[in-house]
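Engineer: build me a model:
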Amino acid sequence: MEKSEQERGGEEQGGENRMKLIDEVIKDENRIGIIGDGAEVTWAPVILIEGKEKNIGTEELVLINNLNGNKILAVCRRGYGRNPGLSKERYSPGRAYARVGELPSPSRESFDFDLSVIGEITGDGIRQNKLIIAPRSEVYMFKDKNPFELMNVDMQNEIGYYKDHKEWKVPALVEYIPYHIGVFCTTGWGKTSLVRHKIVPLLTKAGYSVLIFDWKGDDYVPYAKKEGYNVFEANKISEEISEILLKEVDKEEKYEILAEELLKEIRIASKGARVVDASKKAIKEALKKCLKDNKEKGKDLKECLADEASSLLQNYYPQPEKYKGILENSIKEVSEDFFDKFLKYTEGAKQEKDFIERIKEGKIGVVDLSGREKDEKLKIFLNIAKFLRYKMDVKKEEIGVALIIDEAPQYCPHKPEGLEKETTNIISDLCALGRSYKLPVVLISQGMSGEIGINAAVRRNINTWFIGKIHPLDREEAKKLLPHVDLDFLQSLDVGHFYFFGNMSPSPVPLLIRFEIDERSE
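Structural biologist: Residues are numbered from 1 along each chain as shown. Reported below is the predicted structural model:
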C-alpha cells in the first residue's frame, strides 16, 4: 500500500533526526578507542584510549565510525587487560618488580573489548552490516544519547531499560509476540517479576488477554487478587470447559472425549498401550449404548458402563479374560459424581459465555493449580489446552489470549513420562497453531535444557528469549544461544538482569536489559 505524504514526511524527519544523533555522538569527548587488527563484518576488537577503561564497561553500546564508509552500532562483550611485561609465559623485569611487591611500569599496558555488531546505522534504522570493519576506525560512546532512537521502531512498547541507563528504554517488536516467549533464570533472580511487571503489561498493551497457570498458587494468585483480576478455581473451570467442548462437538467425537476422560480415572491405564486402546474402544461403544437409555443418575450410568465395557472388551482384545474384571471393577471404583458430570455434559444448552470470552472480559486471569497432586494438575491443564486447540484447529477461531505457563518443566520436561507426554505434545500443538490464531505461549523455567529444562520439541518453538543468571548445568546450552557472551559474567548477573534476544528484540544480538524489582510483590 502506497504511503501517504504525511507518512513519508514523518519518515524523512525521523531519518534526519537519526543522522543528527550520529553527528552529536561522533565528537572527540565521546571517543573511547580505535579498532584493532583482525576485525570482521560481525565482530571487531577495540583498543581503548588510555583512561577510557574507567568509563566504559562490558555490555556498553558504542558507535563505530567505519573507515570503510558506514556507521555501525555495536556492543562491548568480553574485556581484556594486557601488559606484556607481566606475561606468565616468560620471566621479565615486570614480573621481577611484582615479585618484590613493587608496581611494574604501565607503559606497555592496554585495555580492549571484543565488539559484537548490532548493525549498520542508516536513515531508515538499523540494518545488517555487510562491510568489513576497518582497523584504525574510531569508536565512540553514547553518554547521554539514547542509541535505541537509531532503530526506527516504536519506543512506546518497552520491555525494560538497558543495563545501567534508566533513560534508555528498550523497545520490543510486538508483532512477533505470537512466535512464543521463553523466560529462564535460577530461582529468586526475577523471572516472576519480569513476567508480572513487564511481559504481562506488554501483552495487554498489544491487545492480548492473558491466562496464567500458577503451579504453586503463590506466584501469581496473590498478585491477581491484589490487582482485581480473575482467579479461576482449577477444577471448576476444567469442568465448565468440558461441558462447553462436549456440547460443541459431534456425537462421535463426544464419545471419544468421554472415553478418554474415564480412562484417566481408572486403573487399566497402567496395563500397556494395547490394553488401553482396546479399553477405550470398549468404553466408547458402551457409552453409545448406555446413553441411549436416557440414564438419569450417575450411579445407573456407572453400573451400565461397567457391565457393557467389560463385555465389549472381547471385540477389541484377543485375550480379554485377564482384563475384563479389572476394567469392570475399575469403573465401579470411580465416584458417582464423576458420572453425574458425564450426564451433565451430554444435555442442556451451551453456556451464555465461554471460557475465552470470560478471560477477555477481565483481560487477565489466573488458574490456581495449588493443593493438588501433579497428575490432577496436568489433567486440568490438558482439559483447558484441548479446548484451546479445538477452537483453533477445528473452529478456526482467532483466540487473542496469551498463555503463561509457570514451572514449565512440570508440563513439558526433558524426558516426559505418563501424562507429561500428553501435556508436552499439546503444548507443541498450541505453539504450532498459536502463530496463526494469536495464541502466544510464554514458558517460564529455571533451566533451559537437560534434567532441569524443558523438552527440546517445545523449546524449538521459542523465538524470543529472556535469559538471566543461569544454573551451572545450563552452561552448554547458554553457550549455543549466547555465543559471544561471557558465561562467567552470565552466571554472576544481578537480580533483575536479563539478556533479551530473538524475534521481538530490535537487535540481532542479545541486549542486557533490567527493570526495577518491586520487593513488596516478591
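Engineer: only C-alpha atoms from now on, for both contacts and neighbour counts.
Structural biologist: OK.
Engineer: and P93, how many neighbours?
Structural biologist: Neighbours of P93 under the rule other C-alpha atoms under 10 Å: 12.
Engineer: not counting residues beside it along the chain, what's closest to it?
Structural biologist: Computed as C-alpha to C-alpha, 6 or more residues apart in numbering, the closest residue to P93 that is not its neighbour in sequence is G85, at 6.9 Å.
Engineer: for that neighbour, list the residues it contacts.
Structural biologist: By C-alpha atoms under 8 Å, 6 or more residues apart in numbering, G85 lies in contact with S92, P93, G94, R95, P104, R108.
Engineer: dump those residues to TSV, plus pLDDT, distance to F184 and secondary structure.
Structural biologist: TSV is the format used below for the contacts of G85 (pLDDT from 0 to 100; distance: C-alpha to C-alpha, whole Å; DSSP: H, G, I helix; E, B strand; the rest coil):
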residue	pLDDT	distance to F184	secondary structure
S92	79	46	coil
P93	81	48	helix
G94	79	45	helix
R95	80	44	helix
P104	79	44	coil
R108	83	42	coil
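Engineer: filter those residues down to just the buried residues.
Structural biologist: Burial by neighbour count, 16 or more other C-alpha atoms under 10 Å: within the contacts of G85 this picks out G94, R95, P104.
Engineer: circling back to that earlier point, out of the contacts of G85, who's nearest E373?
Structural biologist: R95 (63.7 Å; C-alpha to C-alpha).
Engineer: skip the chain neighbours and tell me the closest residue to the closest one.
Structural biologist: Nearest one to R95, counting by C-alpha to C-alpha, 6+ apart, is L86 at 5.4 Å.
Engineer: quick check, nearest of the buried ones among the contacts of G85 to A74?
Structural biologist: Nearest to A74 out of the buried ones among the contacts of G85 is P104 (C-alpha to C-alpha; 33.5 Å).
Engineer: so, low pLDDT: which residues of the stretch 151-300 of the chain?
Structural biologist: 239-254, 267-271, 293-296 (pLDDT under 70).
Engineer: from what I can see N65 touches V139, true?
Structural biologist: Yes: N65 is within contact range of V139, at 6.3 Å (criterion: C-alpha atoms under 8 Å).
Engineer: please say which of the two ends up with more neighbours.
Structural biologist: The residue with more neighbours, out of N65 and V139, is V139; 25 against 22, by other C-alpha under 10 Å.
Engineer: name the element that one belongs to?
Structural biologist: strand 138-141 (DSSP states H and E).
Engineer: and the contacts of that strand?
Structural biologist: 25-27, 30-35, 46, 56, 61-66.
Engineer: now the helix or strand following that strand, how far from the centre of its chain.
Structural biologist: Next helix or strand after strand 138-141 toward the C-terminus (DSSP H and E): strand 158-162. A distance of 17 Å separates the C-alpha centroid of strand 158-162 from that of its chain, computed with C-alpha atoms, centre = their mean, to the nearest Å.
Engineer: so what strands line up beside strand 158-162?
Structural biologist: Strand pairing for strand 158-162, determined by DSSP bridges: strand 165-171 (antiparallel), strand 511-514 (antiparallel).
Engineer: can you redo the ones you listed as TSV with distance to I405 and mean neighbour count?
Structural biologist: Output for those, formatted as TSV (distance: least, C-alpha to C-alpha, whole Å; neighbours: other C-alpha atoms under 10 Å):
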stretch	distance to I405	mean neighbour count
strand 165-171	24	19
strand 511-514	22	24
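Engineer: G182: which of these is closest?
Structural biologist: Here strand 511-514 is closest among the strands paired with strand 158-162 (C-alpha to C-alpha), at 15.0 Å.
Engineer: quick one: average pLDDT of that closest one?
Structural biologist: Average pLDDT, strand 511-514: 96.
Engineer: before we move on, back to that, so which of the contacts of strand 138-141 belong to strands?
Structural biologist: R31, I32, G33, I34, I35, V46, L61, V62, L63, I64, N65 (DSSP state E).
Engineer: now distance to P409 too, for those, in CSV please.
Structural biologist: As requested, the ones in strands among the contacts of strand 138-141 are arranged in CSV below (distance: C-alpha to C-alpha, whole Å):
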residue, distance to P409
R31, 47
I32, 45
G33, 45
I34, 46
I35, 44
V46, 41
L61, 35
V62, 38
L63, 41
I64, 42
N65, 46
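Engineer: skipping adjacent residues, who's closest to G15 in space?
Structural biologist: G123 is the one closest to G15 (C-alpha to C-alpha, 6+ apart), at 4.1 Å.
Engineer: isn't that neighbour right up against E16?
Structural biologist: Yes: G123 is in contact with E16 according to C-alpha under 8 Å; the separation is 6.8 Å.
Engineer: please say which of those two ends up with more neighbours.
Structural biologist: Just comparing G123 and E16: by other C-alpha under 10 Å the higher neighbour count belongs to G123, 18 against 15.
Engineer: who's in contact with that one?
Structural biologist: G14, G15, E16, R18, M19.
Engineer: phi first, then psi, for it.
Structural biologist: When quoted as degrees, to the nearest 10, the phi and psi of G123 stand at phi -60, psi -20.
Engineer: now the closest residue to E333 other than its chain neighbours: how far from G228?
Structural biologist: What sits nearest to E333 in space, not counting adjacent residues and going by C-alpha to C-alpha, 6+ apart, is I266, at 7.9 Å. Going from I266 to G228 by C-alpha to C-alpha, to the nearest Å gives 39 Å.
Engineer: which of these two has more neighbours?
Structural biologist: Shown here are I266 and G228; by other C-alpha under 10 Å, I266 has more neighbours (18 against 12).
Engineer: I figured the more buried one was touching I331, is that so?
Structural biologist: Yes: I266 lies in contact with I331 (C-alpha under 8 Å); the separation is 6.3 Å.
Engineer: contact partners for I56?
Structural biologist: So I56 contacts I32, M141 (C-alpha under 8 Å, 6+ apart).
Engineer: so for it, what's the pLDDT?
Structural biologist: pLDDT at I56 comes out at 93.
Engineer: ok, now how distant is it from F113?
Structural biologist: Taking C-alpha to C-alpha, one finds I56 at 10 Å from F113.
Engineer: next up, the contacts around the nearest residue to K198 once chain neighbours are set aside.
Structural biologist: Excluding its sequence neighbours, the residue lying closest to K198 (C-alpha to C-alpha, 6+ apart) is I159, at 5.7 Å. Contact analysis of I159 by C-alpha under 8 Å, 6+ apart lists K169, V170, P171, A172, K198, I199, L202.
Engineer: could you do C185 as well?
Structural biologist: K191, S445, Q446, G447, I467, G468, K469, I470, H471.
Engineer: would CSV of those residues with secondary structure, neighbour count and distance to K415 be doable?
Structural biologist: What follows is the contacts of C185, written out as CSV (DSSP: H, G, I helix; E, B strand; the rest coil; neighbours: other C-alpha atoms under 10 Å; distance: C-alpha to C-alpha, whole Å):
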residue, secondary structure, neighbour count, distance to K415
K191, helix, 24, 23
S445, strand, 22, 15
Q446, coil, 26, 16
G447, coil, 25, 14
I467, strand, 27, 22
G468, coil, 28, 24
K469, coil, 26, 24
I470, coil, 24, 21
H471, coil, 18, 19
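Engineer: which pair in these spans the largest distance?
Structural biologist: K191 and H471 (13.4 Å).
Engineer: of the contacts of G123, which is the most crowded?
Structural biologist: Busiest of these [other C-alpha under 10 Å] is R18, holding 22 neighbours.
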